[in-house]
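# Got a predicted model here, sequence first, then my questions.
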Amino acid sequence: VINLDSWRYALDFAILNLGSETAWGNLGYWAETKHYPTACRALAHQVGQELQSSDQVLDVGIGAGQQLIEWQQHFGVKSITGIELSPRHFRFAQQRIQHHNIQATLYNINANDITNWHADQFDRVISLDSAYHYRTRQAFFHAANHVLRPDGVLSLADMYLSDDISSWGYQALRAVTPFASIPKDNLMRESDYFNALQQSGFKHIQIRDVTSEVLGGFGEFSNRHWQQYRRQTLLGGWAKILFTGWLCRRNMAWGGVRYGIITAQMT
Ligand SMILES: C[S@@+](CC[C@H](N)C(=O)[O-])C[C@H]1O[C@@H](n2cnc3c(N)ncnc32)[C@H](O)[C@@H]1O
């Protein structure tokens, strides 16, 4: 039995990364891989693909900090500021950046606390598989607009609903999402998502649908991973992963929940 107690962050992160030294905690982008850390890195690169070496980056919802290594080592950005709400994830992220010698300033605060920060500080605000948790996401869009420079960009990997979702499907999701720490206010259809960004002052909004690359891939991975590791690990932590995987597979047949890579510019 693998000793998961030695992991200092959430058990589900520990289980997801079994077999490698990484600390990812997202749903992955599975177009070219079946390997969890590779898929997570690919999702990070989808969001970070236009980062430049002159960029001052604010990353919100950093989890255990793995993505910060990409921003510095792969994209070579000028500065990194990171925010994480969970104290356990935050502590692990701090240790991780020290271990990998990453220059980043981290805050254990809520995403929307940036409303009180100085305006016009960042070239890029990033949220990698995290914004659907914020209370609320719409308030976060406003806050991101506040801290971005006039030529800045907001980039997200995020979940929303299909414009075609039935009212029955919508009501069913409203009943389920609190169990996944997703506030009901964040259940937005794609067109509402677009409008919410526009109302927060963003322009040139692009939403690229990657539902099958993300949710389809995670649905298959969760089953494979369980088959591979279930005999070597204790049960705790698996429930959330298996439930998420089951929802992903159901959704591939249904299509009510969509996953997208979103960019929105200040001007
Ligand atoms: C699905 S995980 C993704 C973690 C990381 N971005 C990654 O790709 O591995 C979502 C993260 O967002 C954090 N989070 C949730 N609500 C938040 C909030 N209101 N403010 C900041 N972080 C939040 C969670 O604690 C969690 O670490």
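Yep, it's here. Numbers count the residues shown, from 1 in each chain.

# who in the chain is up against the ligand?
Contacts of the chain with the ligand, taken as CB under 6 Å from any ligand atom, map to 24-26, 60-63, 66-67, 83-86, 89, 110-111, 128-130, 133-134. Backbone N, C-alpha and C define where each C-beta goes, glycine included.

# run the last query once more with 5 Å
Within the chain, the positions adjacent to the ligand are 24-26, 61, 63, 85-86, 89, 110-111, 128-130, 133-134 by CB under 5 Å from any ligand atom.

# Okay, and which of the residues you listed map to strands?
Within the residues of the chain next to the ligand, residues falling in strands by DSSP state E are Leu128.

# now, the most widely separated pair of the residues of the chain next to the ligand?
Greatest spacing in the residues of the chain next to the ligand, by CB to CB: Trp24 and Asn110 (22.1 Å).

# Looking at the two, which has the bigger crowd around it?
Trp24 (25 against 15; other CB atoms under 10 Å).

# Determine which residue lies closest to the centroid of the protein.
Asp129 (1.4 Å; CA atoms, centre = their mean).

# Now that one: phi and psi?
The phi/psi pair for Asp129 (degrees, to the nearest 10) reads phi 60, psi 50.

# Now do it against Glu84, distance only.
Asp129 is 13 Å from Glu84, where distance means CB to CB, to the nearest Å.

# Would you mind finding the longest helix in the protein?
In the chain, with assignment by DSSP state H, the single longest helix is helix 238-254.

# Can I get it as CSV, trimmed to CA atoms?
What follows is helix 238-254, C-alpha atoms only, in CSV (Å, rounded to 0.1, in the frame of the first residue of the first chain):
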residue,chain,number,x,y,z
TRP,A,238,-11.0,8.2,-4.6
ALA,A,239,-14.7,9.1,-4.2
LYS,A,240,-14.4,12.6,-5.5
ILE,A,241,-12.2,11.5,-8.5
LEU,A,242,-14.5,8.6,-9.4
PHE,A,243,-17.7,10.8,-9.1
THR,A,244,-16.1,13.5,-11.2
GLY,A,245,-15.1,10.9,-13.8
TRP,A,246,-18.6,9.4,-13.9
LEU,A,247,-20.1,12.9,-14.4
CYS,A,248,-17.6,13.6,-17.2
ARG,A,249,-18.6,10.3,-19.0
ARG,A,250,-22.3,11.0,-18.5
ASN,A,251,-21.8,14.5,-19.8
MET,A,252,-20.1,13.3,-23.0
ALA,A,253,-23.4,11.6,-23.9
TRP,A,254,-25.5,14.5,-22.7
